[in-house]
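Novice: Return a 3D structure for these sequence lines:
(2 chains)
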Amino acid sequence: MYLTDIHQGEEVRITNTNRMNELVQRRLLDLGILEGSLVRIKHILPLGGPIAIETKGQLIGIRRRDARMIGVECI
Amino acid sequence: MNNVALAGNPNTGKTSLFNRLTGSYEYVGNWTGVTVEKKVGTLKNNGGYLVDLPGVYSLNPLSKDEGVATHYLLYDHISLILNIVDASQLERNLYLTLQLLEYGKPLAIGLNMIDVAKTRGIHIDDQCLAERLGCTVVPIVARTGAGCDDLANKLSSSVNQQAPLIIDYGRALEESIHQLISLLPDDQQLPPSRWLAIQLLEGNGLVRELLLKYISEPTLNECVEQAERNIKSETMSQSIAHHIRTIRGSYIQSLLEGCMRDTKKLAYTVTDRIDNIVTNRVLGLPIFLLFTYLIFKLTFDWLGTPLSDGLDYLITGPLTDIIHSLLSAAGATEFIEALILQGIVAGVGGVIVFVPQIFILFFMISFIEDSGYMARVAMVMDKIMESIGLNGKAFIPMIIGFGCNVPGIMAARTIEQPKERLLTIILTPLMSCSARLTVYSLFVGAFFKQNQALIVLSLYLLGIILALTLAKIFSSTILKQSSSFFVIELPPYRIPQLKTLFQSTWEKGKGFVRKAGTFIFGGSVVIWLMTYAGPSGLKVPMDESFLALIGGALAPIFNPIGFGNWQAGAALLTGFLAKEVVVSTMNIIYVAPDMHTLQGVMVDFFTPLSAYSFLAFILLYVPCLATVAAIKKETNSAKWTWFSVIYALIIAYIVSILIYQGGLLLGFH
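Specialist: Residues are numbered from 1 along each chain as shown, chains lettered A, B, ... in the order given. As a prediction, the model looks like this:
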């Protein structure tokens, strides 16, 4: 299951970030988003635009294309 | 001399603290990437230097501005690091702190936004944190100044040598770390070997560059590859960076245990509610456009124009009278009187009258920056920007460019991908800056009295649409790139403080006032002299002056686009210095004592259609001198600098010819 498969507001755990673009992966790592992190989708922008995810009290915008590469599991 | 480096995550209030501690005023905002180069100030209490570094999440840089901080740690002498930490994001912020502690310089922590943390239900025991980290920790609120004096006093006492923090990265990695340390020379000038080794293994390009001076490339690569293999076979992690992140992460977790209590009080409610509206699926974009429209209404119709009119009356009425009587009393010659009244007062005054409008615009831009809306605009625009080969972050330099193109071009440093950054730099000059506003204001007052705001808005949109179109063309031809990149932090909203807003507005606007006193003053004198002198001597009729000759030579070129008179040619030529000079030149050329007379005279030389064509040309034709210098500095390439000048000229001519000839065909005049 990937991050784009879950509903707005639902909290999930990240299981895999390996398929992502390396730069995006590194920046997310800087922000403390890696395997094991709990994330929640806060906002989904229109027309395939970015999504805002919340983790550890911070709000981060990423592209949907990148979110599609983040493996997650329900908790 | 003490060199204190101010380091911390983006948007944690470093610059606010810098301003507090040095008593200076630097540009602050509520978005990631406000500070793009290091700034140096003198500490108020002990005379040491404080260096404000751009915000970084880690010492391993992804963008150019982030590299500035790492570069500083690698090559400059630092006696103390002041690490500013966002108390409401402690866990993430400490990630950088650990790397700084590993670097082994004396370190003091300013625990900022302690008030925000409290309202979110986060309780931090600063004493406990100080003990565990082995350094000074002072809770502060940089925006209000609370705790800052205490921090400043403790800075002078924290300069004792500090041993580097040593974190055990596990057998798999420690082996490689030790191997690298043994390869490095024992040089006091270098940062600690262990820190260098860890940074290299993490993939830090700048550290790698430094180490290649001491270790041969094959040995270095072999060492990293060995570590990579060990990590993959012995741990759960897929890469070294990932492994290091995990180890540091759990180190921070154990550090915070007992020091921080998060009651998980719902934190983002206000931000959530605002975001639900401004990043709404349907409303996001319309709200942004409406907001922009309101800014224009305020700047032109509601507030700006009445104020400018008042100022115009003051300058051309009482002020001119006073200068006139002073000059007569002093017995000034006719030449001096003409120079001052028709040259300087007309030229400089013609520009100064637009100060109210420009300051209102700057005030609104400051408001967007300080409130946290900027990052949302980048989010909302990302999809559109991606489709033309840019990313949402490129929109921020463009918005700043509405104030002035120079800081806009500088702000492009936060864009991680080099090609996206270059593209943003080249296109930012198409954003209509406040200097061009003076020309628009003058013309819309004369030709489009009924629809002032709308006409100006259309020019701004013209700039934006052209920038977006050209971005698409350039990114699919000369600046092709493989992958685009967009990750942005969305800071919580905050209500901007009035004091900060006024300071930011003044900071941005003072350049405009200064320009009026220097460039435009000097320009006005030269332009007036060129209208006063001609091949046949001094005090010639305007049409026989040097300026008329030069402008006349250019005029035929501008004939097809509707303004083939020497006055327009001369104004455009001088406008390269600074676009406001166009207004000064016109004031002098048309011998107009005030804005309304000038607007009356202009009707003889322009039609509404040719006026609009002229405005479009002013918007596009070449970036001003200061902007060209900024492009040169930021791209570090003469080729791209020339490119940005030449493509602008070509586009300007094409657009104006389309407007003018197309307008004529459609029956406008």
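
Novice: Show me what counts as buried in the helix ranked longest in chain B.
Specialist: For chain B, the longest helix by residue count, based on DSSP state H, is helix B:638-665. Neighbour-count burial for helix B:638-665 flags B:640-641, B:643-645, B:647-648, B:651-653, B:655-656, B:659-660, B:663 (criterion: 16 or more other C-beta atoms under 10 Å in any protein chain shown). Where you see a C-beta, it was placed from the backbone N, CA and C, and this is true even at glycine.

Novice: Please give me every residue in contact with the residue lying farthest from the centre of chain A.
Specialist: Ranked by distance from the centre of chain A (C-alpha atoms, centre = their mean), the top residue is residue A:47, with 18.0 Å. Contacts here follow C-beta atoms under 8 Å, 6 or more residues apart in numbering or on different chains; on that basis residue A:47 touches residue B:383.

Novice: any idea how far the residue nearest to the spatial centre of chain A is from chain B?
Specialist: Compute the mean C-alpha point of chain A, and by C-alpha atoms, centre = their mean the closest residue is residue A:67, 5.0 Å away. Distance check for residue A:67 against chain B: by C-beta to the nearest C-beta, to the nearest Å, it reads 11 Å.

Novice: got the contact list for that residue?
Specialist: By C-beta under 8 Å, 6+ apart, the residues touching residue A:67 are A:2-4, A:51, A:53.

Novice: want to try a markdown table for the residues you listed, with pLDDT, distance to chain B and neighbour count as columns?
Specialist: Shown next, in a markdown table, are the contacts of residue A:67 (pLDDT from 0 to 100; distance: C-beta to the nearest C-beta, whole Å; neighbours: other C-beta atoms under 10 Å in any protein chain shown):
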| residue | pLDDT | distance to chain B | neighbour count |
| --- | --- | --- | --- |
| A:2 | 91 | 17 | 15 |
| A:3 | 91 | 14 | 21 |
| A:4 | 90 | 15 | 16 |
| A:51 | 92 | 9 | 22 |
| A:53 | 93 | 10 | 24 |
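
Novice: Give me the subset of the residues you listed lying in strands.
Specialist: The strands, defined by DSSP state E, take in A:51, A:53 from these.

Novice: helices or strands up against the helix or strand of chain A with the lowest mean pLDDT?
Specialist: When the helices and strands of chain A are scored by mean pLDDT, DSSP states H and E, helix A:22-30 comes last with a mean of 87. Counting contacts by 3 or more C-beta pairs under 8 Å, 6 or more residues apart in numbering or on different chains; DSSP states H and E, helix A:22-30 is packed against strand A:58-62, helix B:240-256, strand B:487-489.

Novice: residues in chain A within reach of chain B, list them.
Specialist: Residues of chain A lying near chain B by C-beta under 8 Å from any C-beta of the partner chain: A:18, A:21, A:23-24, A:26-32, A:34-35, A:42-50, A:52, A:54, A:56-63, A:66.

Novice: Just the buried residues of those.
Specialist: A:21, A:23-24, A:26-32, A:34-35, A:42-45, A:49-50, A:52, A:54, A:57-63, A:66.

Novice: if we look at the lowest-mean-pLDDT helix or strand in chain B, which residues are touching it?
Specialist: Among the helices and strands of chain B, helix B:346-352 carries the lowest confidence by mean pLDDT, DSSP H and E, at a mean of 79. Contacting residues not belonging to helix B:346-352 are listed as B:311, B:315-316, B:319, B:438, B:442, B:513, B:516-517, B:520-521, B:523-525, B:527-528, B:580-581, B:583-588, B:591-593, B:595, B:598 [C-beta under 8 Å, 6+ apart].

Novice: Repeat that for stretch B:518-533.
Specialist: For stretch B:518-533, contacts defined as C-beta under 8 Å, 6+ apart pick out B:338-339, B:342-344, B:346-348, B:351, B:538-540, B:542, B:545-548, B:550, B:570, B:574, B:577-578, B:580-581, B:584-585, B:588-589.

Novice: quick one: it to chain centroid distance?
Specialist: Here the centre of stretch B:518-533 is set off from its chain's centre by 31 Å, with C-alpha atoms, centre = their mean, to the nearest Å.

Novice: what do you get for stretch B:375-390?
Specialist: 18 Å.

Novice: quick one: low-confidence parts of the stretch 101-250 of chain B?
Specialist: B:158-161 (pLDDT under 70).

Novice: Next to chain A in this structure, residues from it, please.
Specialist: Where the stretch 101-250 of chain B comes near chain A, counting by C-beta under 8 Å from any C-beta, the residues are B:120, B:203, B:238, B:241-242, B:245-246, B:249.

Novice: which of those lies closest to residue B:394?
Specialist: Closest approach between those and residue B:394, by C-beta to C-beta: residue B:203, at 25.6 Å.

Novice: Next up, the contacts around the closest one.
Specialist: Listed by C-beta under 8 Å, 6+ apart, the contact set of residue B:203 reads A:26, B:60, B:240-241.

Novice: how about the strands in chain B?
Specialist: Under DSSP E, chain B gives strands at B:3-8, B:39-42, B:49-52, B:80-86, B:107-112, B:122-124, B:136-139, B:260-262, B:487-489, B:533-534, B:537-538.

Novice: Columns distance to residue B:326 and mean neighbour count on top of those, output as JSON lines?
Specialist: Converted to JSON lines, the strands of chain B look like this (distance: least, C-beta to C-beta, whole Å; neighbours: other C-beta atoms under 10 Å in any protein chain shown):
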{"stretch": "strand B:3-8", "distance to residue B:326": "50", "mean neighbour count": "24"}
{"stretch": "strand B:39-42", "distance to residue B:326": "41", "mean neighbour count": "16"}
{"stretch": "strand B:49-52", "distance to residue B:326": "45", "mean neighbour count": "21"}
{"stretch": "strand B:80-86", "distance to residue B:326": "53", "mean neighbour count": "26"}
{"stretch": "strand B:107-112", "distance to residue B:326": "53", "mean neighbour count": "26"}
{"stretch": "strand B:122-124", "distance to residue B:326": "64", "mean neighbour count": "18"}
{"stretch": "strand B:136-139", "distance to residue B:326": "56", "mean neighbour count": "22"}
{"stretch": "strand B:260-262", "distance to residue B:326": "68", "mean neighbour count": "16"}
{"stretch": "strand B:487-489", "distance to residue B:326": "56", "mean neighbour count": "24"}
{"stretch": "strand B:533-534", "distance to residue B:326": "26", "mean neighbour count": "18"}
{"stretch": "strand B:537-538", "distance to residue B:326": "24", "mean neighbour count": "9"}
